[in-house]
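# Predicted model and sequence follow; I will ask about them next.
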Amino acid sequence: MPAAISPTMERPSAQPTAPALAVSAAGTAASAAARTIIDIDHVDFFYGPSQALHDVSLKLDEKKVTAFIGPSGCGKSTLLRCLNRMNDLIDGTRVAKGSIKIRGVDIHGPQVDVIELRKRVGMVFQKSNPFPKSIYDNITYGLRLQGVKDKSRLDAVVEKSLRGAALWDEVKDRLHTSGLGLSGGQQQRLCIARAIAVEPDIILMDEPCSALDPISTSKVEELIHELKKQFTIVIVTHNMQQAARCSDQTAFFYLGRLVEFADTRTIFMNPANPQTEAYVSGRFG
Amino acid sequence: MKRFFDAELETFRSHLVLMGETSIRQVRDAIRALVEADISLADRVVAADDEVDQLEIKIDDEAIRYMNLRSPVATELRFVIVGMKASHDLERVGDEASNIAKRAAKLAAEPPLKPYIDIPRMANIALEMLRDALDCFLHMDSDKAIAVVKRDSEVDAINKQLYRELTSFMIEKPGTISRAIELMFISKSIERIADHATNIAEEMVFLAQARDIRHTDELKKSTLS
């Protein structure tokens, strides 16, 4: 690994001269074209003896929405959870081969702080999981862990994050009531607000709308569209219309292998692989 | 509730409006080139046909993209499909305008066979039909669309009358044959423009009411509003 790479993977926007900026996987740091932020290179992944990912290689662009689609068990959620090492929390799992780099830094490198990684790569889960605390405390939880105590700064982050998650107007008068008192759709947006409060680089979303009604789903999709101006988003979804609506690029997985990765329009209009076509047409899966 | 892709539908709609306006301008200029024997205007109409063609490509692309990625249903689905079909009709209108302009340029080199009265009158009706069809298409006004469909016979009648008149010219004075044939083609082009306006109006009824009135006598027997 080049010595110039910052193991903490500071965001280049936060520190324009940070060493990480000097290393772009695509080597196009100066260009206006989309830059690779996540570089997944020939990854094999195992749950104990069972191989869940086979030789997956994928480069994801910065400030784009990438959708992972495929039938259940195809490995899409596994790969998503690899991106912030959430799989480390499951015994017996391992990336047996290949590497995952974020802004050029191997996330399995010895100097990588996993807590720092998960701060940079936030996550929103299928089922909304607000902490059993007030809305305010949900948002400020991460910052308080980092030792931030300044009330005015915390207040500002709460408002910014809730506005960013399109929830502010609905909850501004009850910030100190329990997050669990919100509707399902609001809880999911609260989780998104909590994820963006620590200013991550990347937000991973694992089926974020599957437990939501169509109106709430539509609000979250709207939000995804807004968030991509600031963040890189990777979303796992079973809903192909959602992938079509929300994402810029789509990766189709089947039996632990990446079958096809292209612009979303291509995947849904003229996929190169017959398996992709069969899946997006609803013929299997 | 506003959705982030609503702007795409608005862009699609505005391109349709632009294509409609461009096609109408092309027909109007082609007829003016004929009446005023203005070769340079005729040439400009022929050159500008590409504008209409490019809009058709753009509208098709937007419609396909919208259907592919946004999964439209109900009125929105009908709007995108009908918009795409209307753009094909408008492209044909643009072609007819170009055909008229080419013939106008040829005729401009010779003395007029007769004063141009019926052709501009017929063209005015066709243009009104086109304007009304597009207008009701954009305002979902199916009553107006029905009126457009019913006017098609007016244009057909003038076309037939012109054919008879021009045929007698040719019989009486064979020297007029080439000019009369050009005028017959122009008349036919205008008749086709009215047909395209009628198609758009019929599509409009499908858009507003999800009912297909093409190739049926439903118009006569139903209250479509």
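Good, I have the coordinates.

# Could I get the full set of helices for the chain?
Here I'm looking at chain A. Secondary structure of chain A (DSSP state H): helices at A:19-22, A:76-82, A:114-120, A:135-145, A:151-164, A:168-171, A:184-197, A:214-227, A:240-246, A:264-269, A:274-280.

# that's the wrong chain, I meant chain B
Ranges of helices in chain B, per DSSP H, are B:6-35, B:39-70, B:74-107, B:118-139, B:142-172, B:177-209, B:218-221.

# now for the ones you listed, which one comes closest to chain A?
Each of those has some distance to chain A by Cβ to the nearest Cβ; the shortest is helix B:39-70, at 4.4 Å. Bear in mind the C-beta positions are built from the backbone N, C-alpha and C, glycine included.

# Now do the closest one, average pLDDT.
In this model, helix B:39-70 has a mean pLDDT of 96.

# again, but for stretch A:173-191
Averaging pLDDT along stretch A:173-191 yields 94.

# Okay, buried residues for it please.
Buried residues in stretch A:173-191, defined by neighbour count with 16 or more other Cβ atoms under 10 Å in any protein chain shown: A:175, A:179, A:182, A:185, A:186, A:187, A:188, A:189, A:190, A:191.

# Skip the chain neighbours and tell me the closest residue to the fourth one.
Think residue A:185. With Cβ to Cβ, 6 or more residues apart in numbering or on different chains as the criterion, residue A:185 has its nearest non-adjacent residue at 2.6 Å, and that residue is residue A:216.

# so how far is residue A:188 from that neighbour?
Separation of residue A:216 from residue A:188 (Cβ to Cβ, to the nearest Å) stands at 7 Å.

# list the residues that contact both of these two?
Residues touching both residue A:216 and residue A:188 (Cβ atoms under 8 Å, 6 or more residues apart in numbering or on different chains): residue A:209.

# got a list of what residue A:202 touches?
Residue A:202 is in contact with A:37, A:38, A:83, A:84, A:102, A:120, A:121, A:122, A:231, A:232, A:233, A:234, counting by Cβ under 8 Å, 6+ apart.

# try it again with 6 Å
A:121, A:232 (Cβ atoms under 6 Å, 6 or more residues apart in numbering or on different chains).

# Once you drop chain neighbours, what's closest to the most far-flung residue of chain B relative to its centre?
Distance to the chain centre peaks in chain B at residue B:1, reaching 35.2 Å (criterion: Cα atoms, centre = their mean). Of all residues beyond its chain neighbours, the one nearest residue B:1 is residue A:218 (6.6 Å), with distances taken as Cβ to Cβ, 6+ apart.

# The one you found: how many residues sit nearby?
19 (other Cβ atoms under 10 Å in any protein chain shown).

# Tally up the residues packed near residue A:53, please.
Counted with other Cβ under 10 Å, residue A:53 comes out at 25.

# Residue B:107 - nearest residue in space that isn't next to it in sequence?
residue B:182 (5.4 Å).

# pretty sure that neighbour is in contact with residue B:104, am I right?
No: applying Cβ atoms under 6 Å, one finds residue B:182 not in contact with residue B:104, separated by 8.5 Å.

# Between those two, tell me which one has more neighbours.
Neighbours were counted for residue B:182 and for residue B:104 using other Cβ under 10 Å; residue B:104 has more, 27 against 20.

# I figured that one hits residue B:33, correct?
Yes: Residue B:104 lies in contact with residue B:33 (Cβ under 6 Å); the separation is 4.3 Å.

# joint contacts of the two?
residue B:42.

# Is residue B:85 in contact with residue B:202, as I believe?
No: applying Cβ under 6 Å as the test, residue B:85 and residue B:202 come out as separate, 9.6 Å apart.

# Can you pick out the residue with more neighbours from the two?
Using other Cβ under 10 Å, the more surrounded residue of residue B:85 and residue B:202 is residue B:202, with 24 against 17.

# In the stretch 1-150 of chain A, where is pLDDT below threshold?
Low-confidence segments of the stretch 1-150 of chain A, defined by pLDDT under 70: A:1-33.

# OK, contacts around the residue most central in space within chain A?
Geometric centre of chain A, nearest residue: residue A:204, 1.5 Å, by Cα atoms, centre = their mean. Counting by Cβ under 6 Å, 6+ apart, residue A:204 touches A:80, A:83, A:123, A:234.

# which parts of chain B sit against chain A?
Those residues of chain B that sit near chain A, judged by Cβ under 6 Å from any Cβ of the partner chain, are B:4, B:68, B:69, B:71.

# again, 10 Å this time
Counting by Cβ under 10 Å from any Cβ of the partner chain, chain B comes close to chain A at B:1, B:2, B:3, B:4, B:5, B:64, B:65, B:67, B:68, B:69, B:70, B:71.

# buried subset of those residues?
B:5, B:65, B:67, B:68, B:69, B:70.

# Nearest to residue B:28, out of those: which one, please.
Of all these, residue B:65 has the smallest distance to residue B:28: 31.8 Å, by Cβ to Cβ.

# Now do that closest one against residue B:72, distance only.
When residue B:65 is compared with residue B:72 (using Cβ to Cβ), they lie 11 Å apart.

# shared neighbours of these two, which are they?
Counting by Cβ atoms under 10 Å, 6 or more residues apart in numbering or on different chains, the shared contacts of residue B:65 and residue B:72 are B:5, B:80.

# Now for residue 139: which residues touch it?
In the absence of a named chain, this looks at chain A. In this structure, residue A:139 makes contact with A:130, A:133, A:154, A:157-162, A:165, A:167, A:175, A:179, A:190, A:193-198, judged by Cβ under 10 Å, 6+ apart.

# oops, chain B please
Per Cβ under 10 Å, 6+ apart, neighbours of residue B:139: B:204, B:208.

# Can you check the pLDDT for it?
84.

# tell me, how many neighbours does the closest residue to residue B:104 other than its chain neighbours end up with?
If the residues on either side of it in the chain are set aside, residue B:104 comes closest to residue B:34, at 3.8 Å by Cβ to Cβ, 6+ apart. Neighbour count for residue B:34, taken as other Cβ under 10 Å: 26.
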